[in-house]
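Asks: everything below, folded, please.
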Amino acid sequence: MKNIVLIGFMGSGKSTIAKRLSAILQWRWVDSDEYIVYQQKCSIKQIFQEYGESHFRKLESEFIESFMQKKQYIIATGGGMPIFNDITHLGVRFYLKSDFFTITQRIKLAQQDDNNNTRPLFDDIQQAHALYKKREPLYKSQSDFTINANTDEDGVARAIIDIITNHYKVKIVNA
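Replies: Take a look at the predicted model:
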């Protein structure tokens, strides 16, 4: 099996689930946004401000090209990556589907814990909800499987593990 690719709206748990799956499968994991930030040595906000969204989408495309040939990675994509780029060759794609209320609650909790607003889109909740509604069918169409991500991280990880063991015959060493 190539890679496990997690897609979904911000706050759907992609990075959290990637870490959990990595621990279970003993595969490496990568968050595409964090990878880009590390490579560029500046924040996504700075990339957007200084170079524009099209440059950021080009960086995402370069990320995809570099990870297409890799195997046994769990890839947490940025929320826009599957909307603006073809991710079909990265691996098996799982849409982590969370309802908007759950996402909003997670983001509020994360902002309280960090005391830092890393999700400025949620400053305008109507705008965030409109984007969520627009992207929801696109995530579904870009995925191989849809996973209910409103549950706890162990439940989401278990659902993905069940699919990869049954459909792709991946053997779990450390379950």
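
Asks: C-alpha only now, for contacts and for neighbours.
Replies: Fine.

Asks: now the helix or strand hosting Glu65: buried residues?
Replies: Assessed by DSSP states H and E, Glu65 sits inside helix 53-67. Going by neighbour count (16 or more other CA atoms under 10 Å), the buried part of helix 53-67 is Phe56, Arg57, Leu59, Glu60, Ser61, Phe63, Ile64, Phe67.

Asks: from those, pick the one nearest Ile83.
Replies: Ranked by distance to Ile83 (CA to CA), the buried residues of helix 53-67 are led by Arg57 at 10.0 Å.

Asks: wouldn't the closest one be in contact with Phe84 here?
Replies: Yes: between Arg57 and Phe84 there is a contact under CA atoms under 8 Å: 7.0 Å.

Asks: about what we covered before: what is the helix or strand following the helix holding Glu65 packed up against?
Replies: Downstream of helix 53-67, the first helix or strand assigned by DSSP H and E is strand 73-76. When contacts are defined as 3 or more CA pairs under 8 Å, 6 or more residues apart in numbering; DSSP states H and E, strand 73-76 sits against strand 4-7, helix 14-25, strand 28-31.

Asks: what bits of this protein have low per-residue confidence?
Replies: 114-120, 174-175 (pLDDT under 70).

Asks: where is the longest helix in this structure?
Replies: Secondary structure of the chain per DSSP state H: the longest helix is helix 125-142.

Asks: chain center to that helix, what's the gap?
Replies: 14 Å (CA atoms, centre = their mean, to the nearest Å).

Asks: direction included, what does the lengthiest strand in the chain pair against?
Replies: Determined from DSSP state E, the single longest strand within the chain is strand 92-97. Sheet pairing for strand 92-97, assigned by DSSP bridges, gives strand 4-7 (parallel), strand 145-148 (parallel).

Asks: who touches the last one?
Replies: Outside strand 145-148, the residues that touch it by CA atoms under 8 Å, 6 or more residues apart in numbering are Arg93, Phe94, Tyr95, Leu96, Lys97, Ser98, Lys140, Val156, Ala159, Ile160.

Asks: and those, which are buried?
Replies: For the contacts of strand 145-148, a neighbour count by 16+ other CA under 10 Å gives the buried set as Arg93, Phe94, Tyr95, Leu96, Lys97, Ser98, Lys140, Val156, Ile160.
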